[in-house]
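> Fold the following.
(one chain, ligands or ions: 1)
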Amino acid sequence: MSRRAASKRHLLHEPMAYIQGFVQFDGLKMKIDRRSYVPNLETENLVNYGATLLRQRKVDRPIVIDVGTGCGNIAIAFAKRFPGSSVIATDILQDTLTLARCNATTHGCTNVEFVHTDLIDDVECPRSPDLVVADLPYGSPEYLLKSNALEEMQHMPIISRFTEGLLDAYLELIEQIKAKRWRATLIAESGTVPEKVVSRLLPPDVEWTYHAYQDYSLIQLEVGDEKDPDE
Ligand SMILES: C[S@@+](CC[C@H](N)C(=O)[O-])C[C@H]1O[C@@H](n2cnc3c(N)ncnc32)[C@H](O)[C@@H]1O
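Numbering: from 1, shown residues only. As a prediction, the model looks like this:
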């Protein structure tokens, strides 16, 4: 691409990652284009947090589910950090998953399975997963209008950015985990949503903790009851 074409795209607020065609995440180079949301650097906190939990719990061959995988960055980061793990990555956009599969192949990850589905609807798991991680759209359009990255986000797939109501997708994900009768730790990126708003929205029967970083937050939730094996 000529420098002139690149600066024109830059002037139109196209994310630099799309112009360059790649993004660095957790020390790995990910191919990226308009088929997928551009991963944020802060999302590495979610990977670090989840990896620490798995190590503390000394899970031998962990099952990790990455919900709304985008270009596959989180799933691939876990697959590389835990070579003995089984990672299942889902997305509602088929094109996004094609890009994620390409990134997994580039990084030689044979322990990631990609599933085209709504949240975890069609995911089949031999037992409760050890970890569910999710960086789903959490903001309503009204909320995101205040974002300082709005112009860049306009270039990304719309479903990767907006939900109707705050934390809607996470509330639905909690219901889906319960319906599957899994007992799972869910780590969800909650960005700039304040703790008091989170506490108003989450169901009362779910234990959760809020972890604030600079301009960014995560929620750890303990969801569901394990199915009785004799059932
Ligand atoms: C904010 S982007 C995050 C992408 C990636 N996980 C990352 O860290 O950059 C949200 C992703 O969730 C996907 N998504 C949105 N709604 C979904 C749903 N109901 N089921 C599965 N994936 C969904 C979008 O297509 C998008 O790839």
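
> Need the pLDDT of the residue positioned nearest the centre of the chain.
Taking C-alpha atoms, centre = their mean, the centroid of the chain lies closest to residue 135, which sits 3.0 Å from it. Residue 135 carries a pLDDT value of 95.

> Name the nearest residue to it, ignoring sequence neighbours.
Take residue 135 and drop its neighbours on the chain: the residue closest to it by C-beta to C-beta, 6 or more residues apart in numbering is residue 189, 4.3 Å away. To be clear about C-beta, it is placed using only N, CA and C from the backbone, and glycine gets the same treatment.

> thinking the residue nearest to the centre of the chain is in contact with residue 47, fair?
No. Counting by C-beta atoms under 8 Å, residue 135 sits too far from residue 47 to count as a contact (9.9 Å).

> The residue nearest to residue 135: how many residues sit nearby?
24 (other C-beta atoms under 10 Å).

> just to revisit the earlier point, what residues are up against the residue nearest to the centre of the chain?
43, 46, 68, 70, 74, 188, 189 (C-beta atoms under 8 Å, 6 or more residues apart in numbering).

> so how far is residue 1 from it?
29 Å (C-beta to C-beta, to the nearest Å).

> and if you look at residue 187?
37 Å.

> So if I had to pick from these two, which one is more boxed in?
residue 187 (21 against 10).

> show me where the chain has strands.
22-25, 28-31, 63-67, 86-91, 112-116, 131-134, 184-189, 207-213, 216-223 (DSSP state E).

> Mind listing what's buried along the second one?
In this case it means strand 28-31. 28, 30, 31 (16 or more other C-beta atoms under 10 Å).

> what separates it from the chain centre, distance-wise?
Averaging C-alpha positions (C-alpha atoms, centre = their mean, to the nearest Å) puts strand 28-31 16 Å from its chain's average.

> Ok, the last one next?
Mean-position distance between strand 216-223 and its chain equals 12 Å (C-alpha atoms, centre = their mean).

> mind checking pLDDT for residue 157?
Per-residue confidence (pLDDT) for residue 157: 78.

> what's the closest non-adjacent residue to it?
Using C-beta to C-beta, 6+ apart, the closest residue to residue 157 is residue 93 (6.0 Å).

> so who does the residue nearest to residue 169 when sequence neighbours are not counted touch?
Of all residues not flanking residue 169 in the chain, residue 136 sits nearest, at 4.0 Å (C-beta to C-beta, 6+ apart). Contact analysis of residue 136 by C-beta under 8 Å, 6+ apart lists 67, 68, 119, 163, 169, 170, 173, 188, 189.

> separation between residue 218 and residue 191?
9 Å.

> List the contacts of residue 212.
Taking C-beta under 8 Å, 6+ apart, one finds residue 195 in contact with residue 212.

> The ligand contacts on the protein?
Contact residues, the chain versus the ligand (C-beta under 6 Å from any ligand atom): 36-37, 39, 43, 68-70, 73-74, 90-93, 96, 118-119, 135-137, 157, 159-160, 169.

> Neighbours of the nearest residue to residue 120 once chain neighbours are set aside, how many?
Spatially, and ignoring its direct neighbours in sequence, residue 120 is nearest to residue 176 (5.2 Å; C-beta to C-beta, 6+ apart). Residue neighbour count, defined by other C-beta under 10 Å, stands at 19 for residue 176.

> does residue 176 really touch residue 119, like I thought?
Yes. Residue 176 lies in contact with residue 119 (C-beta under 8 Å); the separation is 5.3 Å.

> burial count for the closest residue to residue 44 other than its chain neighbours?
Spatial nearest neighbour of residue 44, chain neighbours left out: residue 26 (5.5 Å); criterion: C-beta to C-beta, 6+ apart. Other residues lying near residue 26 total 19 when counted by other C-beta under 10 Å.

> Before I go, just wanted to say thanks for your time.
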